[in-house]
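> the following block contains a protein sequence and its predicted model.
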Amino acid sequence: MYGEYFLGQRCAEECMKTNGFLVPDCNEPSTIIRYLSKLA
C-alpha cells in the first residue's frame, strides 16, 4: 500500500527486537508513522 515510502526492514527489525510486542497496523497511521519516509 505504501510502496517505496514504507521502511519494511526497519519495521521488521523493530518487531523482532520487541518479540512482536509492537505490531504496526497499516490502518492505524499512528502505529506506522515511524516507518514511513519521504522520497527525495
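Arrived safely.
> tell me if I'm right that Y5 and K38 touch.
Yes. Contact criterion CB atoms under 8 Å: Y5 and K38 qualify, at 7.4 Å. In short, each C-beta sits where N, CA and C put it, glycine included.
> more neighbours: which of these two?
A side-by-side neighbour count of Y5 and K38, using other CB atoms under 10 Å, places Y5 first with 11 against 5.
> and the nearest residue to that one once chain neighbours are set aside, how far from E28?
Distances taken as CB to CB, 6 or more residues apart in numbering put L36 closest to Y5, at 5.3 Å, once the chain neighbours are dropped. In this view, L36 and E28 are 13 Å apart by CB to CB, to the nearest Å.
> how about F6?
Per CB to CB, F6 is found 14 Å from E28.
> more neighbours, the two?
F6 (16 against 9).
> list the contacts for the more buried one?
Contact partners of F6, counting by CB atoms under 8 Å, 6 or more residues apart in numbering, are I32, Y35, L36.
> could you dump those to a markdown table with distance to A12 and secondary structure?
Shown next, in a markdown table, are the contacts of F6 (distance: CB to CB, whole Å; DSSP: H, G, I helix; E, B strand; the rest coil):
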| residue | distance to A12 | secondary structure |
| --- | --- | --- |
| I32 | 13 | helix |
| Y35 | 10 | helix |
| L36 | 15 | strand |
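> for S37, see how far away F21 is.
The spacing between F21 and S37, counted by CB to CB, is 23 Å.
> sorry, wrong one. I was asking about A12.
Distance of A12 to S37, computed by CB to CB: 15 Å.
> got a list of contacts for the helix-or-strand element of the chain with minimal mean pLDDT?
Least confident helix or strand of the chain, by mean pLDDT, DSSP states H and E, is helix 29-32 with a mean of 88. Contact with helix 29-32 is made by Y2, F6, C11, L22, V23, P24, D25, C26, as judged by CB under 8 Å, 6+ apart.
> how does it look with 6 Å?
With contacts defined as CB atoms under 6 Å, 6 or more residues apart in numbering, helix 29-32 is touched by P24, D25.
> no further queries at this time; thank you.
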